[in-house]
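> Whatever this is, show me its structure:
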Amino acid sequence: MNRTYIRVGVCAVLSLCGIPFAALSSPPQPSLLLQTMQHELERATASLAKSDPAPYYLSYSVSDSEGATIAGEGGALVISTSTHRRQADVMMRVGSAALDNTHSQSRPSGITSGSLSLRDDPDAIARELWLLTDHEYEQASAAFLRVKTNQAVQSAEEDKSPDFSQEPPQTFSGPAPAQVPADLKPWEDRVRHVSARFLKFPDVYSSIVALSDSSSRSYLATSEGAALQQPAASARLVIEGESRADDGMDLLRVETYQDSSLGQLPSEAELLSKVDRIAADLKALRAAPAAEPYAGPAMLSGRAAAVFFHEVLGHRLEGHRQRDEREGQTFTKKVGQQVLPPFLTVVDDPTLKQLTGTKLAGTYAYDDEGVPAQKVVAVDNGILRNFLMSRMPITNFSHSNGHGRRQPGLMPTGRQGNLIVTSTNTVKDSDLRQRFIDEIKKQGKPYGLYFEDIQGGFTLTTRATPQAFQVIPVMVYRVYPDGRPDELVRGVDIVGTPLLSLNTILVTGDTLQVFNGICGAESGQIPVSAAAPAMLFSEIEVQKKSKGTQRPPIIPPPGFENSAPEKKP
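Residues are numbered from 1 along each chain as shown. Below you'll find the model as predicted:
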């Protein structure tokens, strides 16, 4: 199961410059940390070459990250912390590229992780890398023996590709990232002030304002000769409010802001205005009727369509899913065939920094295997052309295209970065609604559904489960063809299967909208972006959302004891 979130605690798109980052970098200047990693790597490689079985690949990667987290509820701080951590990952492949210890279900045997000294102490760093390397060799060599045994007794695999691709080693040194501010008081004050705004609204039963700022530098040294130092910085602010309808359905509204530094986040006045909007939405949702199951015409905003494509198509384009025999392999044998309407093109381009003025969360210069990020045209005018590849080859795709991604501590797999959907069958956004109403009338439906905003979604891709997806909207409207005002409804999830759902798109709007979030899958949680125009579907299916049995609070919130209860219509 793969999930995309924008919730607090879990998190977490054309470019002004399409030039690869590497072209703008200065010659690599290894830091003391990277030099220590390289020295210990050379020593370990030479020593382990005498072992049987011997590793054919060894890498050290270190994530050196500093961060601050501030959270407020009801005008008071509940969290204010600063952290600094260095995590080292030792990755080893024993055997040969054709067959090694990471084969099939044995991928976790390829990595061992631990903490490093926060100081640039060569002796302390080298000793920890030595211990991790020794542990990893024991793990990898034992796993390789099991892999060879399984190969002898199990049925032949359909995809006989090697376990690892050969890629040119890269060297790169990016600039030092911006530091996390030492004085967090101004940001603590902002979080307190913004969170206090929720106290004005009795319909908001719980809320949180969470701010995180991180600055990190990742280091990679490999036995192939790669040496990379990459910076990263991110500031993220999430405002979340929750309420509950009288029938027990929990209601949630979330707004997320993300940029490269705290100074680029919105002003306090803008954040206060957003709290007011969240509170108004929650009040409206409490009064809105619960929707019923439905299948018929629907229109998705660009933001909702972006998440739809991330879940329904994007995960099924990830390379390793075409090889893993547990996977549904929806598109594995459809290269060169039409999988989308012919007016749609889908690319994933991690080299792009922003789209329509919005910075993209899925941007990077090199992937987590040291391969330069590349633009991949996955679907060209409806025809499937390519997959998002890590260094795990699949049939007819023997090399990485710079999409091997992971969070520290996990093995990389092919993952999305900046997934962008474009269309040649467009109408002005202002005209799309009329096309929507015309489609409702054509099908004789009493109404259609317009999905304005979403919370996230997930998809199932394995054979042991239905090949289904679920997109979780929060602001949904019934659109009536007779001119009645749109009606807000609550409690529906978009559901379906990919092959059918993707081919019910009739036409799109002409403006791309961006979704930034955090996606979780086998290789962990990583930042991603998706962009798409608004889309008109001839049919989308929705199901009722699950709801609890708890009723809203009996006692009014503090300060509202004398308020008259709201009359039901």
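> Going by residue numbers, what spans are helices in the stretch 301-450 of the chain?
Ranges of helices in the stretch 301-450 of the chain, per DSSP state H, counting those that start in this stretch, are 302-312, 429-443.
> Among those helices, which comes closest to His399?
helix 302-312 (24.4 Å; Cβ to Cβ). Placement of C-beta: from N, CA and C, glycine included.
> Now do the helix or strand containing Pro297: which elements does it pack against?
Applying DSSP states H and E as the criterion places Pro297 in strand 294-300. If you count contacts as 3 or more Cβ pairs under 8 Å, 6 or more residues apart in numbering; DSSP states H and E, strand 294-300 packs onto helix 429-443, strand 448-459, strand 524-544.
> Show me the one of these that comes nearest Leu352.
Closest to Leu352 of the helices and strands packed on strand 294-300, according to Cβ to Cβ: strand 524-544, at 8.7 Å.
> buried sites along the closest one?
Neighbour-count burial for strand 524-544 flags 524-537, 539-543 (criterion: 16 or more other Cβ atoms under 10 Å).
> What of stretch 444-463?
445, 447-461.
> same thing with stretch 286-295?
In stretch 286-295, counting by 16+ other Cβ under 10 Å, buried: 286, 288, 291, 294.
> for stretch 345-356, same thing?
Within stretch 345-356, the residues scored as buried using 16+ other Cβ under 10 Å are 345-355.
> Ok, stretch 375-382 next?
By 16+ other Cβ under 10 Å, the buried positions in stretch 375-382 come out as 375-376, 378-379, 382.
> now do stretch 161-178
Using 16+ other Cβ under 10 Å as the test for burial, stretch 161-178 gives 161-165, 167, 170, 172-174, 177.
> Return the member of the residues you listed nearest to Gln35.
Ser173 (12.1 Å).
> Isn't the closest one up against Tyr219?
No - using Cβ atoms under 8 Å as the test, Ser173 is too far from Tyr219 to be in contact (10.0 Å).
> list residues touching both of these two?
Jointly contacting Ser173 and Tyr219 under the rule Cβ atoms under 8 Å, 6 or more residues apart in numbering are 228-229.
> quick one on the thing from earlier: of all the buried residues of stretch 375-382, which two lie farthest apart?
Greatest spacing in the buried residues of stretch 375-382, by Cβ to Cβ: Lys375 and Gly382 (18.6 Å).
> Pull the contacting residues for the nearest residue to Glu522 once chain neighbours are set aside.
Ranked by Cβ to Cβ, 6 or more residues apart in numbering and with sequence neighbours excluded, the top spatial neighbour of Glu522 is Thr413, at 5.5 Å. Contacts for Thr413 (Cβ under 8 Å, 6+ apart) come out as 318-320, 390, 392, 404-406, 521-523.
> Could you check the helix of greatest length in the chain and say which residues are buried?
Secondary structure of the chain read by DSSP state H shows that its longest helix is helix 122-153. With burial defined by 16+ other Cβ under 10 Å, the residues of helix 122-153 counted as buried are 122, 125-126, 128-129, 132-133, 136-137, 139-141, 143-144, 147.
> what packs against it?
Other elements packing on helix 122-153 under the criterion 3+ Cβ pairs under 8 Å, 6+ apart are helix 32-48, strand 55-73, strand 76-96, strand 99-100, strand 111-115.
> Note down every partner strand of the second one and its orientation.
To tie it back to what came earlier, the one meant is strand 55-73. strand 76-96 (antiparallel), strand 206-222 (antiparallel) (DSSP bridges).
> Tell me the one among the buried residues of stretch 375-382 nearest to Met299.
The nearest member of those to Met299, counting by Cβ to Cβ, is Gly382 at 20.5 Å.
> if I look at the closest one, how far off is Thr424?
According to Cβ to Cβ, to the nearest Å, Gly382 stands 10 Å off from Thr424.
> Of all the strands paired with strand 55-73, which one comes closest to Lys333?
Taking Cβ to Cβ, strand 76-96 is the member of the strands paired with strand 55-73 nearest to Lys333, at 27.6 Å.
> What's the mean pLDDT across the closest one?
Across strand 76-96, the average pLDDT comes to 97.
> Show me how far that strand is from its chain's centre.
Averaging C-alpha positions (Cα atoms, centre = their mean, to the nearest Å) puts strand 76-96 18 Å from its chain's average.
> again, but for stretch 363-376
Remark: stretch 363-376 is offset 16 Å from the chain centroid, using Cα atoms, centre = their mean.
> List the buried residues in it.
For stretch 363-376, burial by neighbour count (16+ other Cβ under 10 Å) applies to 363-376.
> Against Asp189, how distant is the closest residue to Leu199 other than its chain neighbours?
Leaving aside its chain neighbours, Leu199 sits nearest to Gly74 (5.8 Å; criterion: Cβ to Cβ, 6+ apart). Using Cβ to Cβ, one obtains 15 Å as the distance from Gly74 to Asp189.
> neighbour count winner among these two?
A count of neighbours by other Cβ atoms under 10 Å puts Gly74 above the other of Gly74 and Asp189, at 18 against 14.
> ok, the helix or strand containing Gly241: who's next to it in the sheet?
In this structure, Gly241 sits in strand 227-244 according to DSSP H and E. Paired with strand 227-244 in the same sheet, following DSSP bridges, are strand 171-173 (parallel), strand 206-222 (antiparallel), strand 250-259 (antiparallel).
> how distant is it from the center of its chain?
Distance of strand 227-244 from its chain centroid, counting by Cα atoms, centre = their mean, is 11 Å.
> List the buried residues for it?
With burial defined by 16+ other Cβ under 10 Å, the residues of strand 227-244 counted as buried are 227-230, 232-244.
> And for stretch 272-284?
Within stretch 272-284, the residues that qualify as buried are 272, 274-275, 278-279, 281-283, counting by 16+ other Cβ under 10 Å.
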